[in-house]
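# What follows is a predicted structure for the sequence shown.
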Amino acid sequence: MGAITKVAVGATSDELDRKRFRGSTKTKLAPEVIARQSRIALLAFQSLPDRETALLFLNSEDEALGGRPIDVASTSEAGAERVEAMLRTRMAPAAKID
């Protein structure tokens, strides 16, 4: 037969695991950053043909912008305006050729 081991309350690995996962150590985004990200994401979903295309646009590196559009928009209002301008040019109807 095996021996019985006594463990003090609070010294179990289960207790340590529970404490480790309770709180998040991630930094929360500032409200203005969330607002810019939301505005750019909404415009991307409205101006691009489908959800997958919008997500690909937002999360892919863009040389003209110097980074991922969602990151550029998050950095500053000027960055968000650059991304908006790029999306608006994609929304503009093609010029008619007679």
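Looks like it arrived, so ask away. Note that the coordinates shown come from a computational prediction; the quantities given were computed from them, not determined experimentally. Numbering: from 1, shown residues only.

# Next secondary structure after the lowest-mean-pLDDT helix or strand in the chain?
The weakest-scoring helix or strand in the chain, judged by mean pLDDT, DSSP states H and E, is helix 13-20 (a mean of 55). Beyond helix 13-20 on the C-terminal side, the first helix or strand identified by DSSP states H and E is helix 31-47.

# which residues are contacting the helix or strand just after that next one?
For helix 31-47, the following helix or strand on the C-terminal side (DSSP H and E) is helix 51-59. Helix 51-59 is contacted by residues 40-41, 44-45, 47-48, 68-70, 87 when judged by Cβ atoms under 8 Å, 6 or more residues apart in numbering. All C-beta spots, glycine's among them, are computed from the backbone N, C-alpha and C.

# Please pick the buried ones from these.
For the contacts of helix 51-59, a burial check counting by 16 or more other Cβ atoms under 10 Å picks out 40-41, 44, 47-48, 68-70, 87.
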